[in-house]
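>>> With the sequence up front, the predicted model follows.
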Amino acid sequence: MALKRPSWPSGRVVTLEHTSKVLADNPLGDPHVRTLDVWLPPQYDALKGPGLGERFPVLFDLVGFTSSGRAHTAWRNFDENVPERAARLVHDGKMAPAIIVFPDCFTAFGGNQYVNSPAVGRYADYLTRELVPFVDRELRTLGTREHRGVFGKSSGGYGALLHAMKHAKCWGAAASHSGDAGFETLYAPEWPATLDELANYREPPLAAGERDVRPAVEAVGYDGADDGRVMRFLARMWTKRQPNVAEIHALTNLAMAATYDPDPKALNGFRVPFHLETGERLPQRWRRWLRHDPVNLVAKYVANLRSLRGLFIDCGWRDQYRIHYGSRLLSLRLTEHRVPHVYEEFDGTHSGVDYRMERSLPFLTHALR
């Protein structure tokens with residue numbers, strides 16, 4: 001697709017700058033002045049002048065980990081970016097015109113889960129308390145939750161799910177593509193490789209030969225504390241320009257620890273859920289992770305979920321992070337609690353699934369009419 005430039009009206013992308021009070025003095029020292037791209041549909045400029053012009057529903061696009069909002073508005077070879085896809089869907093009559101917002105929530109950890117964490121920052125508040133009213137002030141939006149939706153893929157899908165659950169007064173509909181769910185099958189299998197990566201920053205380094213493991217095990221302890229290797233790994237990542245795949249996966253798991261188990265008293269502001277030496281799962285720490293699993297939150301937020309005008313969830317049944325298992329459990333829990341939703345599976349992995357917006361964008365704009 002998009003080998004030739006389309007002939008239909010494409011709308012336009014505008015860039016806004018926002019100074020955040022919520023992100024000022026965030027624990028990672030990330031910027032609090034940020035730009036965000038916004039796509040305006042072709043119909044936005046149909047009428048001009050004071051008091052003229054139609055108002056539109058708004059969709060917030062939450063990107064996956066290691067990405068940021070402007071990645072979805074950038075040029076793509078042999079494919080469409082999100083504004084181009086939306087313009088085509090509007091032209092074909094499959095999607096109602098809507099404003100799409102692409103917030104920048106990138107962090108020093110490499111991404112975001114879009115929740116409040118004292119170890120990462122107040123990103124749920126940033127979205128709901130600052131960016132939503134900011135966009136409503138700056139643009140001709142239909143500024144009520146009945147006309148405002150949130151969607152995303154992977155970590156962005158997780159953010160959309162959590163916002164639908166916890167912030168339903170802000171959002172009227174949500175869509176999650178391969179959103180993080182089912183932590184037992186998603187995160188737990190990833191931790192041994194992360195521990196191997198962190199072992200490269202162990203002091204003293206591992207040495208071949210006979211070894212009494214007890215002193216090292218006792219030194220680390222069973223409370224999820226860092227013996228220094230996590231701190232040294234993070235320091236290296238924050239000066240390295242091109243982390244490799246193993247390093248990115250380790251950084252991602254540490255970002256999740258900072259999101260799900262923050263502790264201001266801990267060395268890095270959070271604790272890890274596996275013993276750094278033995279690889280044992282730490283039950284007390286893991287329970288804190290499970291409190292953030294969407295599968296386990298349905299019952300708590302059932303009233304908010306039922307209030308939504310639309311909830312769309314999908315996942316590929318070959319997802320390499322096994323999110324399809326968590327997605328099935330999530331759909332099962334929603335059904336058990338009589339929460340209306342659409343759940344779809346498709347023959348795909350976790351990668352290259354932006355085309356699934358062909359389903360979610362029309363779904364959302366129909367729900368938010």
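Looks like it came in fine.
>>> how close does the closest residue to Cys105 other than its chain neighbours get to Arg55?
Leaving aside its sequence neighbours, Cys105 sits nearest to Asn112 (C-beta to C-beta, 6 or more residues apart in numbering; 4.2 Å). For every residue, glycine as well, the C-beta is placed using N, CA and C. Separation of Asn112 from Arg55 (C-beta to C-beta, to the nearest Å): 29 Å.
>>> What of Leu28?
Relative to Arg55, Leu28 is positioned 37 Å away (C-beta to C-beta).
>>> Identify the residues contacting stretch 255-270?
Residues outside stretch 255-270 that contact it (C-beta atoms under 8 Å, 6 or more residues apart in numbering): 27, 65, 107, 109-111, 113, 115, 117-120, 187, 224-226, 228, 230-231, 234, 254, 271-273, 285, 288-289, 291-292.
>>> Then stretch 226-239?
Against stretch 226-239 from outside (C-beta under 8 Å, 6+ apart): 108, 197-203, 219-220, 243, 247, 250-251, 254, 266-268, 271-272, 276.
>>> Stretch 14-29 now?
By C-beta under 8 Å, 6+ apart, stretch 14-29 touches 30-38, 40, 107-109, 118-123, 125-126, 129-131, 134-135, 138, 269.
>>> Repeat the analysis, applying 6 Å as the threshold.
Residues from elsewhere that reach stretch 14-29, judged by C-beta atoms under 6 Å, 6 or more residues apart in numbering: 32-38, 107-108, 119, 121-122, 125-126, 130, 134, 269.
>>> how far does that stretch stretch from start to finish?
Using C-alpha to C-alpha, to the nearest Å, the end-to-end distance of stretch 14-29 comes out at 27 Å.
>>> same deal with stretch 177-187?
Terminal-residue distance, stretch 177-187 (C-alpha to C-alpha): 17 Å.
>>> May I see the buried residues of it?
His177, Ser178, Gly179, Asp180, Ala181, Gly182, Phe183, Glu184, Leu186, Tyr187 (16 or more other C-beta atoms under 10 Å).
>>> higher neighbour count, Asn112 and Arg55?
Asn112 (31 against 14; other C-beta atoms under 10 Å).
>>> where does that one land in three-state SS?
Following DSSP: H, G, I helix; E, B strand; the rest coil, Asn112 is assigned to coil.
>>> Check whether it really touches Tyr123, as I assumed.
Yes. Between Asn112 and Tyr123 there is a contact under C-beta atoms under 6 Å: 5.5 Å.
>>> what residues do the two have in common as contacts?
With C-beta under 6 Å, 6+ apart, Asn112 and Tyr123 have common neighbours Cys105.
>>> Could you tell me which of the contacts of stretch 255-270 belong to strands?
Ser117 (DSSP state E).
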